[in-house]
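Colleague: Sequence and predicted structure, then a few things I'm wondering about:
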Amino acid sequence: MKAKLLVVDDEINIREGLKKALSLDGYEVEVAQDGQEALDKIDEGDIDLVITDLRMPRVSGEELMKEALSRYPYIPVIILTGHGTIENAVEAMRNGAYDFITKPLNIDKLSLIVNRALENSSLKRQNRELLLQLKKKYSFENIIGKSTPMKNVFETIELVAPSRANVLIYGESGTGKEMIADAIHHNSPREDKSYIKVHCAALPESLLESELFGHEKGAFTGAIARKRGRFELAHLGTLFLDEVGEIPSQIQVKLLRVIQEREFERVGGEIPLKVDVRIISATNKNLKEEVENGTFREDLYYRLDVVSIHVPPLRERRDDVPLMVHKFMEEFSKENNKEIEGITNAALQALVAYKWPGNVRELRNVIESIVVLTKGSIISEQDLPQYVLSRDEQSHLKIPSGVTLQEAEKRLILFTLQNTGGNKTKASEILNIGRKTLHRKLGEYGIA
């Protein structure tokens, strides 16, 4: 669709000459002889850019610019000025004009300014529209998404939140499982009660048991006082068990009893403690496979998975990437006192095309880095990391036939570590296994 320009000048030769020249560039051009006529045309709609002289009868170019920008801040205004009014033109730019050009006019220079101004305006409009979409209908408790998979997630949250049912959230690392758990709790009747979180993979078995159930004084070396566990602290509220698939089998037995009987004893204690706790758990593992492999109790699995929610990886909901990009741009621009006005279509398409093995967490980190390091107000492809720009960003691992499953796994782990520069956290996310599992396998295969 052609951009529609408005040329405003009280000299008929100038406005008609500009109309003819700019029409040859492919624009639709309207003209007005003073500021008042121009405002009337702008109010009629569809004007994409204004080119105006400063000195005109009735309403001056400066008054026109101020009024137009107050009503329509995303319409760029270019000032035409004679040598005697350059100071006025500079002042107009301070008040919001996009640029100015002196008379006699250089049409080629004006064409370049017009093209650049329209591109800039388009990016600002796009940014504004996406942010408005986010605020209106594509955000649920800070979870962003308009894709069909995320709409299904939102619907499930709305249905399950008011209930007492335990919920098991599946998803790769970085997909936002904890945010889903937060949304369920804060939309439940327990929202004003305790909300306690435990990262099960971050604690060794001895500490995890004490963290969950508490301990009595003298229960073990170093237990110098009684400690209340997370279940006790979450009474009448919600307990979130992150990476629940990493819980050792011995603790799984005790966890099952709490869910079934709603009571437990502290480590080293004998008195049963009654609790009313709703459990929301999350895992990046396939717990059905863990049950089949004998590493996770089947009865506990069914107690936790009363309602399941699958959080799709970012590569399966690419429609959500532009929304997230603009949300993170706005967030990190404010945090870093930067004025980021938009992102080019080429850069945005590169971000959409990338596979994001680290999912939302990786995207968020990349946008933060870009905002901090960029020198301009518009993010372009030059601001993106090189690995994001590469359409074939991940090389392929070739495993010859005849290799054992164990050897293939070893090669895959080595290959992933090489691609992540030895970053074990990143490697475990890509391999979709916990850090503890990765460390165990590194030991088994003798990988330093």
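Modeller: Noted; the coordinates are in hand. Every value quoted in this text rests on a predicted model; they were computed, and no experiment measured them.
Colleague: And the nearest residue to Gly358 once chain neighbours are set aside, what's its pLDDT?
Modeller: Excluding its sequence neighbours, the residue lying closest to Gly358 (CB to CB, 6 or more residues apart in numbering) is Gly174, at 4.7 Å. Glycine gets a C-beta too; all of them are placed from N, C-alpha and C. Note for Gly174: predicted pLDDT of 92.
Colleague: Now do the phi/psi pair for Gly174.
Modeller: In terms of degrees, to the nearest 10, the main-chain angles of Gly174 are phi 90, psi 0.
Colleague: try Thr238
Modeller: Reported as degrees, to the nearest 10, the phi and psi values for Thr238 are phi -130, psi 140.
Colleague: what about Ile184, distance to Phe264?
Modeller: Per CB to CB, to the nearest Å, Ile184 is found 23 Å from Phe264.
Colleague: Name the residue in the two with the higher neighbour count.
Modeller: Between Ile184 and Phe264, counted using other CB atoms under 10 Å, the more crowded position is Ile184 (28 against 22).
Colleague: any chance you could map the strands in the stretch 301-448 of the chain?
Modeller: For the stretch 301-448 of the chain, the strands defined by DSSP state E, counting those that start in this stretch cover 307-310, 342-343, 378-379.
Colleague: weakest of those strands by average pLDDT?
Modeller: Looking at those, the lowest mean pLDDT belongs to strand 342-343 (a mean of 88).
Colleague: circling back: looking at the strands of the stretch 301-448 of the chain, which one is packed in the most?
Modeller: Compared across those, strand 342-343 shows the largest average neighbour count, a mean of 25 (mean count of other CB atoms under 10 Å).
Colleague: what sits up against that one?
Modeller: Residues from elsewhere that reach strand 342-343 (CB atoms under 8 Å, 6 or more residues apart in numbering): 120, 123-124, 126-127, 325-326, 329, 377-380.
Colleague: and those, which of them are in helices?
Modeller: Among the contacts of strand 342-343, the members found in helices (DSSP state H) are 120, 123-124, 126-127, 325-326, 329.
Colleague: out of the contacts of strand 342-343, which are buried?
Modeller: When these are checked for burial by 16 or more other CB atoms under 10 Å, the buried set is 120, 123-124, 126-127, 325-326, 329, 378-379.
Colleague: now, among those, which is nearest to Pro357?
Modeller: Checking the buried ones among the contacts of strand 342-343 against Pro357 with CB to CB, the nearest one is Val325 at 17.3 Å.
Colleague: these two touch, right, that closest one and Leu348?
Modeller: Yes - in terms of CB atoms under 8 Å, Val325 counts as a neighbour of Leu348; the distance is 6.4 Å.
Colleague: thinking Ser281 is in contact with Glu246, fair?
Modeller: No - using CB under 8 Å, Ser281 makes no contact with Glu246, being 10.9 Å away.
Colleague: Just want the most central residue of the chain.
Modeller: The centroid of the chain falls nearest to Met324 when counting by CA atoms, centre = their mean (3.6 Å).
Colleague: how far away is that one from Leu287?
Modeller: From Met324 over to Leu287 (counting by CB to CB), the distance is 28 Å.
Colleague: Kindly report the same for Leu417.
Modeller: Leu417 sits 26 Å away from Leu287, going by CB to CB.
Colleague: and what of Leu438?
Modeller: Computed as CB to CB, the Leu438 to Leu287 distance reads 19 Å.
Colleague: so which helix or strand takes in Thr295?
Modeller: Assigned by DSSP states H and E, Thr295 falls within no helix or strand.
Colleague: Find the nearest non-adjacent residue to it, please.
Modeller: Nearest residue to Thr295, sequence neighbours excluded (CB to CB, 6+ apart): Ser249, at 7.5 Å.
Colleague: How many neighbouring residues does the one you found have?
Modeller: For Ser249, using other CB under 10 Å, the count is 12.
Colleague: Kindly reformat the buried ones among the contacts of strand 342-343 as TSV containing distance to Asp99.
Modeller: Supplementary listing: the buried ones among the contacts of strand 342-343 in TSV, determined by distance: CB to CB, whole Å:
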residue	distance to Asp99
Asn120	10
Leu123	16
Lys124	15
Gln126	21
Asn127	20
Val325	28
His326	26
Met329	24
Ile378	15
Ile379	21
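Colleague: can you give me the strands for the stretch 101-250 of the chain?
Modeller: Listed in chain order, the strands of the stretch 101-250 of the chain (DSSP E, counting those that start in this stretch) span 139-140, 143-144, 167-170, 195-199, 238-242.
Colleague: for those strands, which one sits closest to Lys410?
Modeller: Using CB to CB, the nearest of the strands of the stretch 101-250 of the chain to Lys410 is strand 167-170, at 27.1 Å.
Colleague: No more questions from me, cheers.
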